[in-house]
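[1] Return a 3D structure for these sequence lines:
(2 chains)
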Amino acid sequence: MTETPLPSEVDVRGFLAGTVACHTEADLASKLKLSRPLRIKLGVDPSSPDLHLGHAVQLRYLRRLQDQGHLPVLIIGDATARVGDPTGRNATRPQLNAEQAAANAQTYLEQAGQVLDLDRAEIVHNGDWFDRMGFMDAIELGAFMTVARMLERDTFATRHAAGVPIGIHEFLYPLMQARDSVEVRADVEIGGTDQTFNLLVGRDVMRDAGLEPQVCVTLPILPGLDGVQKMSKSLGNAVGLKDPPTEMFGKVMSVPDAQMAEYFGLCTDEDPQRVETLLAGSPREAKAALARSITAIYHDEDAAARASAEFDRVFRDRGLPDEIPESELPTDLVEDDGAWIVRVLTHLDLAPSGSAARRLIKEGGVKVDGEKVQDEQARLSRGSHALVQVGKRRFHRVVVP
RNA sequence: GGGGGAAUGCCCGAGUGGUUAAAGGGGACGGGCUGUAAACCCGUUAGCUUAGCUUUCGUAGGUUCGAAUCCUACUUCCCCCA
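    Sure, this is the predicted structure:
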């Protein structure tokens, strides 16, 4: 018994396309009826200066709402960054100092601007209000939460059970985030599904402040390049929005096959029909299309095409990349019979230590001018130019004085 | 305040006097293969011009022919009781 959807229901569906959950749809429907731009809050902690595709999932969603006429309210969490969001952490986060937070915030905005139109967004820093609050204000905020409720959270439950310490300040984090919602009078707050608890606390705190509770919309979490854990810079499984084209392309090529569909959906604007066709075909081709599509978003079509061509050249055909760093060896590295390969490798940072360099040679991972180096004692003769290669993808041209 | 426990290599984690530079796993790196920096298989994973030497198991001392393993003090952390 399907009924004809009311106009607001249509709006709700459009609003929520691609999201995971919404608390509550009824609230959202009534907010949409206000026929004014909704204030969409996204809180970001400048804890790490580099944004990656995981952040972009949220930014891209925000961009869509922005294009529907809503107003993104970006909260730069310079205060919250100094506390550290415990979500998903099995250890207390390092607390940032004010300068680090400020510097990170700057680069954050630069990168967010690749996705969002910052001229049509409101940007605020939560230090503006938290720095003014006194200790008693914080206590009052703390009265909002019960220890039992906090301990129900998986993050804390796990840590508590494992005997990993939990700082009191970490309990305050969700309350700070909730307080932000009051300050900016958020209509809607968005975040990853792992943020559900934090988002919902905002509803309670807003209600108490005599405001309409915000609608909480959660978005899927993008898995990292390992295909298992969530994308995160500290896990080293992230594709940075600032990554140069070839690196971005290459990293996407290392996404496990099973995650391709998810990446297409969350990171690209590709038409679902086309995606289906691609996924039905050669996985190699599909992934190349994915990599190209993503690279084009953060660079341009041209750069993506070049990155794609270079990838084929370097990895499929075992050729040389476009740009190879070049440098001249310092003279103190060069002896009468030339420059010792082990020293050259460590000097160029192609190996972290002499022992590691020797190991690489033993493993057959070092080539000079395309020839595998067999002898650890090999020298690059004086006055020569040499192309040094380690593994499949690290190249360096050196001039031996 | 009282009692108990823990600190090991990039991470997790075994190891309670002697082939222990330290099991196993993860990660990373290298090789092979390929459809890619997927998957799979193999190898490497402290430093040092390396058949050898030096340093490493929270810190500082001590016992011993010999210690990550025993003792003392210190530091840090966790748990339980109050």
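[2] From the chain's centroid, how far away is whichever helix or strand residue A:266 is part of?
    Here residue A:266, judged by DSSP states H and E, is contained in helix A:260-267. Distance, stretch centre to chain centre, for helix A:260-267: 15 Å (Cα atoms, centre = their mean, to the nearest Å).
[3] do stretch A:126-141 as well
    29 Å.
[4] Could you do stretch A:21-40 as well?
    28 Å.
[5] Give me the contact list for that stretch.
    Identification of contacts with stretch A:21-40 by Cβ atoms under 8 Å, 6 or more residues apart in numbering yields A:8-9, A:11-12, A:15-16, A:62, A:65-66, A:69-73, A:122, A:184-190, A:193, A:196, A:199-200, A:203, A:212-213, A:215-218. Where C-beta positions appear, they are placed from N, C-alpha and C, glycine not excepted.
[6] what about residue A:168, neighbour count?
    Residue A:168 has 7 neighbours, counted by other Cβ atoms under 10 Å.
[7] roughly how far apart are it and RNA strand B?
    As judged by Cβ to the nearest atom of the strand, to the nearest Å, residue A:168 and RNA strand B stand 11 Å apart.
[8] Please apply the same query to residue A:325.
    As judged by Cβ to the nearest atom of the strand, residue A:325 and RNA strand B stand 15 Å apart.
[9] One more: residue A:77?
    Using Cβ to the nearest atom of the strand, residue A:77 is found at 25 Å from RNA strand B.
[10] now that residue, nearest residue through space, not along the chain?
    Nearest non-adjacent residue to residue A:77, counting by Cβ to Cβ, 6 or more residues apart in numbering: residue A:45, 4.1 Å away.
[11] Let me know whether the one you found touches residue A:79 as I believe.
    No - when contacts are counted by Cβ atoms under 8 Å, residue A:45 is not listed as touching residue A:79 (9.3 Å).
[12] So between those two, which is more surrounded?
    Set side by side, residue A:45 and residue A:79 show more neighbours around residue A:45, with 25 against 22, by other Cβ under 10 Å.
[13] list the contacts for the more buried one?
    Applying Cβ under 8 Å, 6+ apart, the residues near residue A:45 are A:77, A:80, A:81, A:84, A:85.
[14] number of nearby residues for the closest residue to residue A:46 other than its chain neighbours?
    In space, and not counting its chain neighbours, residue A:46 is closest to residue A:104: 3.5 Å by Cβ to Cβ, 6+ apart. Residue A:104: 21 surrounding residues under other Cβ under 10 Å.
[15] Is residue A:104 within a helix or a strand, and which one?
    Assigned by DSSP H and E, residue A:104 falls in helix A:98-112.
[16] Check the offset of that helix from the chain's centre.
    From the chain centre to the centre of helix A:98-112 is a distance of 14 Å (Cα atoms, centre = their mean).
[17] got the contact list for that helix?
    Contacting residues not belonging to helix A:98-112 are listed as A:44, A:46-51, A:55, A:59, A:74, A:76, A:78, A:81-82, A:96, A:118, A:123, A:125, A:127, A:241-242 [Cβ under 8 Å, 6+ apart].
[18] Would you mind listing the buried residues in it?
    Neighbour-count burial for helix A:98-112, counted by 16 or more other Cβ atoms under 10 Å, picks out A:100, A:101, A:102, A:104, A:105, A:108, A:109, A:111, A:112.
[19] what's the answer for stretch A:235-253, then?
    Going by neighbour count (16+ other Cβ under 10 Å), the buried part of stretch A:235-253 is A:237-241, A:243, A:245-246, A:248-253.
[20] Would you state the strands of the stretch 151-300 of chain A in chain order?
    Taking DSSP state E, counting those that start in this stretch, the strands of the stretch 151-300 of chain A run over residues A:188-192, A:215-219.
[21] before we move on, back to that, what angle do the helix holding residue A:266 and strand A:215-219 make?
    Relative orientation of helix A:260-267 and strand A:215-219, computed by axes from the mean of the first three to the mean of the last three Cα atoms, to 10 degrees: 140 degrees.
[22] Packing partners of helix A:260-267?
    With contacts taken as 3 or more Cβ pairs under 8 Å, 6 or more residues apart in numbering; DSSP states H and E, helix A:260-267 sits against helix A:53-67, helix A:272-280, helix A:283-298.
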